[in-house]
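Student: Quick one: sequence plus predicted model below, questions after.
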Amino acid sequence: MSSIVIQKISKSFGVTSVLKDLSLTIKDGEFVSLLGPSGCGKSTLLRLIAGLDVAEQGSIVVGQHDVTRLPPKARDLAMVFQSYALYPHLSVYDNIAVPLRMRRLNAWQRLPGVRLFSRVQQKIEREIRQDILEVAATLGIQALLPRKPAQLSGGQRQRVALGRAMVRKPEAFLMDEPLSNLDAKLRVHMRSELSQLHRTLGATFLYVTHDQAEALTMSDRIAVMMEGAILQYDTPDEIYRNPSDLRVAEFVGSPRINMLQGWVCEGRLEVSETARKQLENSYLDLSVEAPHGLGVVVAFRSEQCSLVSAGQSALQGVVTHLENLGSETLVHVRTKQAKDPIIVRIAAQAPRVQLGSLVGVSLAMLPLVFSEHGPRLSAKTGWQDALQTASALAFEAA
Amino acid sequence: MKTLDPIAVKQITKVNWAPFYLLGPAALLMAMFLLGPLLAVLGLSFTDYQLGAKSLNWIGFENFIELYHDKNFWRSLRNTALYSVVVVPTSVLLGLGVALLIEAQKSFKDFYRTIFFLPVMATLIAMAISWQFILHPSFGFLNLLLKEFGLQGHNWLRTEGLALWVLAAIGIWNQFGFNMVLFLAGLVSIPRHLYDAAAMDGASTALERFRLVTWPLLGPVTLFVVVITAIRSFQVFDTVAILTKGGPSKSTEVLLYTMYAEGFEFFKSGYASAVTIVFLVIVLALTLIKTRYLEKRVHYV
């Protein structure tokens, strides 16, 4: 079990630069997710750590060892692949045995038939058998050992792939979207199993995913990656509540965070769809420390706002769509201030809203304010009395 | 009790002829050019028919008994087997080796693929004539080349004990390009991530990767290649007919050439048919081994 320290690493394929000066520190025993859209370089980073690709610059340190130039075999890391990558011609037992045999037996002892006359080989094979049975028991796959991968379901293959990674007791586990080939129900189940496994093993996990639910539910910390750089590296709570960049706020959270276009007018926030144009009563009572004229994005989550009657808020519009999720309903409201419909989350037992009806949207707490270029801006309510924040945040009524 | 709907009953009992119409042309051609001749050969092998003769007699298994006692037939069978034993493993291994080399490098892939595949596309008869010139004892390119290096040339195609090996070499040259293309296709279809998994599991050398991933996953392709090459080797005829005519002193006489000589030089059609039947049984056996026995072992289902 080891920490992983990545410093100023760069990688490009031909002329396209995939990773630029990226640094990341994973503590011993930590569960870290690399979260980002496809093509953001997260899998490349994982492959660099594994040693399957070589970085052009920078260093990777696992535990006490600088492994930057070492081949995968010498790094003692295990990887679980998206496609499981089980050897189709080997039984489950032999699949799990491969990493042990490759390390404990030499080339001669691995030749077929050697077990007939080599005592040493027999002894090592017995030890390997012990280790495999132990791992199989942990994962509950004893009954599958004689089968071939083609005879297994997706979830079973996933377990076997995990077993093959675990059996060697590696320094750290690298996982490349291991759950994305499973069906939705099994994925949710495996999430809790992986968390459980992480707690039991106490090992370092580095988990690549584009699924924010996986990252949020399992990780100790999440590194949100975009375009080859880490935008924010923090706990799931902080990533969700306190995103440091507009792209993080947009990517994390379902449904997508609500966004209003606005601009800074002498330290105060103006909200308008057509930028820079001062609309009557279109301001939120927020002061922003930013130069006059800067375009901003005001963002708030669907659970941070509520429906009010149309007259009570300037942020009002027509209900265009209702998503009934059983436990709650997502109400889509098309307003003149926002490009996309604003989504408001209401409890299932809340009074029904009719499609096409005119409603107002009121903010229950301070929204997040970002520069249109991405970085977060600090904003505070113009009213001094904190108790009145909530009402102050309602758009001035017309 | 339910009464049967007369319209439904009619629909059930009415035969849909469309598939049979569509199968018709292909089935007819198969019957005319494959099954018909096959049955004719089978029938002829039990007669004493001679090419051009007005009549024939049913002689039962006499042709086969004669074959059994015919030293020439056994010799030709032995030559064919020897030829195949040389050509099959060599051209399969060579095809695999070249495919691995081509796949391993980045540039000139298409170039090498094309030149190695050329012999397969070329007409073997035309190529055989080229080989005849190359191997000519006095002005052949090969002997002239050897002479340049101070080596003694040979009369390659007229030396007993050498001619069959020369034919086998030409057979390998002709066949391995085809095997190479099949192996290349097989190599491309091996998932990349298995090599990644192998690297993580500790396979660090090319040989270890080959043993752990490439070779087992090429199993189905290898089986197909071996059977196809074996069948094609048993069918060797063009080069023999053009370069040696079975000589010298029948040392390159192969099964199909015996059949041709008996049937079209000595006009013993009945006897030649019996040789053909033996040949067909061998080819059929190879195919059966492939479908019945080996496929289960190399397809990982």
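Tutor: Yep, it's here.

Student: Going by C-alpha atoms from here, please, whenever you check contacts or count neighbours.
Tutor: OK.

Student: Nearest the middle, which residue of chain B would you pick?
Tutor: Centre of chain B computed as the mean C-alpha position; nearest residue by CA atoms, centre = their mean is B:R232, 1.0 Å away.

Student: Tell me the helices and strands packed up against the helix or strand hosting that residue.
Tutor: Using DSSP states H and E, the element containing B:R232 is helix B:219-234. Using 3 or more CA pairs under 8 Å, 6 or more residues apart in numbering or on different chains; DSSP states H and E, the elements in contact with helix B:219-234 are helix B:71-104, helix B:163-188, helix B:269-288, helix B:295-298.

Student: Lowest average pLDDT across these?
Tutor: Comparing mean pLDDT over the helices and strands packed on helix B:219-234, the weakest stretch is helix B:295-298, at a mean of 64.

Student: hang on, the earlier thing: closest to chain A out of the helices and strands packed on helix B:219-234?
Tutor: For these, distance to chain A was read as CA to the nearest CA. The smallest value, 8.1 Å, belongs to helix B:295-298.

Student: Give me the contact list for the helix or strand hosting A:M175.
Tutor: Following DSSP H and E, one finds A:M175 within strand A:172-176. Applying CA atoms under 8 Å, 6 or more residues apart in numbering or on different chains, the external contacts of strand A:172-176 come out as A:1-2, A:43, A:46, A:50, A:76-82, A:165, A:203-209.

Student: Flag every residue of the stretch 51-200 of chain B that's near chain A.
Tutor: By the rule CA under 8 Å from any CA of the partner chain, the part of the stretch 51-200 of chain B lying against chain A is B:H193, B:L194, B:D196, B:A197, B:A199, B:M200.

Student: The most far-flung residue of chain A relative to its centre and chain B: what is the separation?
Tutor: Each residue of chain A has a distance to the centre, and by CA atoms, centre = their mean the biggest one is for A:F117: 51.4 Å. Between A:F117 and chain B the distance, using CA to the nearest CA, to the nearest Å, works out to 22 Å.

Student: which phi and psi does that residue have?
Tutor: Dihedral pair for A:F117: phi -130, psi 0, per degrees, to the nearest 10.

Student: same check, this time on A:L363
Tutor: Taking degrees, to the nearest 10 as the convention, A:L363 sits at phi -90, psi 130.

Student: I'd like to know the beta-bridge partner residues of it.
Tutor: In this entry, A:L363 is beta-bridged to A:C305, by DSSP bridges.

Student: Could you count how many residues lie near it?
Tutor: Residues contacting A:L363 under the criterion other CA atoms under 10 Å in any protein chain shown number 24.

Student: Local confidence estimate at it?
Tutor: A:L363 carries a pLDDT value of 81.

Student: does it really touch A:S302, like I thought?
Tutor: No - the pair A:L363 and A:S302 fails to qualify as a contact (CA atoms under 8 Å) at a distance of 9.6 Å.

Student: contact partners of the host helix or strand of B:L207?
Tutor: Counting by DSSP H and E, the secondary-structure element that holds B:L207 is helix B:206-209. Defining contact as CA under 8 Å, 6+ apart, one finds that helix B:206-209 is touched by B:Y195, B:A198, B:A199, B:A203.
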